[in-house]
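Novice: coordinates only, no sequence provided:
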C-alpha cells in the first residue's frame, strides 16, 4: 500500500512539472516532391518513452516562412498536423513524394518530452536510391561544421530561423590549416529557411577545398549539415558543433575497415587554443584495432596529433585487408568537434554510398 501511495504521489509530481511546459524540436531541412527525374520524401519519426501520453504538433514552413503543404498517406494535405502519441508509442509519417519539389523546415512542439528525428529518401526515375537520417537540431548562436568540397563531394548547410526577429549571420570559411579563406554576411528573416552548398552557394567563387565553416548569429538558429556525393547520388548528415562546446571526450560506436569499407574521422578545433588529440581504435572484443591512415606515420590502433588554432583533419583509413569492425574513442586537451563517416565502395574502388556517425553520449 505504501508503494502505491508513493507511486501515485510521484505521478502527481511529474504531472505538475510537465503540465505547463512545451517542448520544441526543429528539423532545419524538409523536402518533398519531384524535380525532373529526382524525387524526395521526408519521414518524420516520433517516439514517446515516458509513461504519459503526449500531444504533438508538427508545423511545416517553406523558405519564406509560409505554410508548406504536404500529404501523408491516409491524411488530407496540410502544413500542420496533430499527432497524439501514447505512452511508449512510436509514429512514423512519410510524405508521399508527389507534386513539385519543395523544401523548408519543421517545428515540432509537444506537451511532453519526446524523441524526434527525420529521414530523407531519394528516388531517381521513381526508384529508391539512397536515404539519410537527421536528428532534431537545438538552436544555437554559433557553430562550426566540417567542409569537404573536393572531387565529387560538396557540403550543404540548411538554416532555419524559428524566431520572430531577423537573424544576422556571419559565415567564415577556413582551410584545414585554420586560415580564413573567405567571409560573408547574410540575413535570415524571421521564420525563414535557406539551404545551400558551402562551395558555389554561400561562397560562389570557392571550389576544391577542405576545412571548416563557422557561423555566428545574433540570435539562436537551427542548422543541419548534409554532405553530398554527386554520382551515384548520396547524402550524409553531420551534426553541427556549438562553438561554446566543452567536449573533450568522444565515443564513436561503429568503425569499419576492409572489404570495401573505409572510415573517415573528421576532427576540428573550435578555438585558437591548440588541442592535443588521441584517436584510439578497438575491435569488438576490446583488443587494439590496427588500421592504416595515409598521411600518418604508421599503421596502428592509436594516433596522436596536435590541432592548431581552428585547424582540421580529415583522416581516412585505407580500406585494406578483410572487413573488421569495432569502435573509436577520441580524447583531446581542449574542446574540438568530432564525427566520422563510413564509405562503401565496390571491388573496383567505385563509390557506392556512405553514412555519418556522430559522437555517442
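Specialist: All right, it came through fine. This structure is a prediction, so every number in the text was calculated from the model and none was measured.
Novice: give me the low-pLDDT residue ranges for this structure?
Specialist: For the chain, applying pLDDT under 70 flags the ranges 1-20, 361.
Novice: and the helices in it?
Specialist: With DSSP state H as the criterion, the chain has helices at 2-18.
Novice: need the longest strand for it.
Specialist: What stands out as the longest strand in the chain, according to DSSP state E, is strand 209-229.
Novice: so which bits of that one are buried?
Specialist: Neighbour counts using 16 or more other CB atoms under 10 Å place 209-217, 219, 221-229 of strand 209-229 among the buried residues. All C-beta spots, glycine's among them, are computed from the backbone N, C-alpha and C.
Novice: kindly report the same for stretch 294-305.
Specialist: With burial defined by 16+ other CB under 10 Å, the residues of stretch 294-305 counted as buried are 300-301, 303.
Novice: likewise for stretch 56-70?
Specialist: 56, 58-63, 65, 68, 70.
Novice: now, those residues that are in strands?
Specialist: The strands, defined by DSSP E, take in 56, 58-62 from the buried residues of stretch 56-70.
Novice: closest one of those to residue 133?
Specialist: Minimum distance to residue 133 across those is 17.3 Å, recorded for residue 58 (CB to CB).
Novice: ok, that closest one touching residue 114?
Specialist: No: look at residue 58 against residue 114 with CB atoms under 8 Å: they stay out of range, at 11.4 Å.
Novice: take the buried residues of stretch 56-70 and lay them out in JSON lines including distance to residue 270.
Specialist: Shown next, in JSON lines, are the buried residues of stretch 56-70 (distance: CB to CB, whole Å):
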{"residue": "56", "distance to residue 270": "34"}
{"residue": "58", "distance to residue 270": "33"}
{"residue": "59", "distance to residue 270": "32"}
{"residue": "60", "distance to residue 270": "32"}
{"residue": "61", "distance to residue 270": "31"}
{"residue": "62", "distance to residue 270": "33"}
{"residue": "63", "distance to residue 270": "30"}
{"residue": "65", "distance to residue 270": "31"}
{"residue": "68", "distance to residue 270": "34"}
{"residue": "70", "distance to residue 270": "36"}
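Novice: could you work out the most separated pair of these?
Specialist: Using CB to CB, the buried residues of stretch 56-70 span at most 24.3 Å, a distance reached by 56 and 63.
Novice: may I have the strands that pair with the longest strand of the chain, each with its orientation?
Specialist: Using DSSP bridges, the strands paired with strand 209-229 are strand 140-149 (antiparallel), strand 153-160 (antiparallel), strand 167-175 (antiparallel), strand 234-238 (antiparallel).
Novice: if I pick residue 92, what's in contact with it?
Specialist: Residue 92 is in contact with 43-46, counting by CB atoms under 8 Å, 6 or more residues apart in numbering.
Novice: make it 6 Å
Specialist: Residues near residue 92 by CB atoms under 6 Å, 6 or more residues apart in numbering: 43, 45.
Novice: that one pairs with what?
Specialist: For residue 92, the beta-bridge partners are residue 45 (DSSP bridges).
Novice: returning to what we had before: looking at the buried residues of stretch 56-70, spot the one nearest residue 89.
Specialist: Closest approach between the buried residues of stretch 56-70 and residue 89, by CB to CB: residue 56, at 10.2 Å.
Novice: check contacts around that closest one.
Specialist: Contacts for residue 56 (CB under 6 Å, 6+ apart) come out as 46, 83, 85, 110.
Novice: ok, now with 10 Å
Specialist: Applying CB atoms under 10 Å, 6 or more residues apart in numbering to residue 56 gives the contacts 23, 25, 44, 46, 48, 81-85, 91, 108-112, 114, 116.
Novice: quick check on those: which are buried?
Specialist: Buried by 16+ other CB under 10 Å: 25, 44, 46, 48, 81, 83, 85, 108, 110-112, 114, 116, out of those.
Novice: so residue 297 versus residue 199, what's the distance?
Specialist: Distance, residue 297 to residue 199, by CB to CB, to the nearest Å: 31 Å.
Novice: same check, this time on residue 32
Specialist: According to CB to CB, residue 32 and residue 199 sit 26 Å apart.
Novice: try residue 148
Specialist: 9 Å.
Novice: identify the contacts common to these two.
Specialist: Counting by CB under 10 Å, 6+ apart, the common neighbours of residue 148 and residue 199 are 154-155, 209.
Novice: residue 264 - how many residues pack around it?
Specialist: A count of nearby residues for residue 264, using other CB atoms under 10 Å, gives 19.
Novice: that one and residue 328 touch, don't they?
Specialist: No: counting by CB atoms under 10 Å, residue 264 does not reach residue 328; the two are 11.4 Å apart.
Novice: common neighbours of these two, please.
Specialist: Residues touching both residue 264 and residue 328 (CB under 10 Å, 6+ apart): residue 340.
Novice: residue 218: what's it in contact with?
Specialist: Each residue near residue 218 by CB under 10 Å, 6+ apart is listed here: 141, 165-170.
Novice: run the last query once more with 8 Å
Specialist: Contacts of residue 218 (CB under 8 Å, 6+ apart): 141, 167-168.
Novice: distance of the residue lying closest to residue 275 once chain neighbours are set aside from residue 245?
Specialist: Excluding the flanking residues, the one nearest residue 275 by CB to CB, 6 or more residues apart in numbering is residue 334, at 4.2 Å. Distance of residue 334 to residue 245, given as CB to CB: 10 Å.
Novice: residue 134 now?
Specialist: From residue 134 to residue 245 the distance is 19 Å (CB to CB).
Novice: same check on residue 98?
Specialist: Counting by CB to CB - residue 98 and residue 245 are separated by 40 Å.
Novice: can you give me the strands in the stretch 151-300 of the chain?
Specialist: Assigned by DSSP state E, counting those that start in this stretch, the stretch 151-300 of the chain shows strands spanning 153-160, 167-175, 180-188, 193-197, 209-229, 234-238, 241-242, 249-257, 261-269, 275-283.
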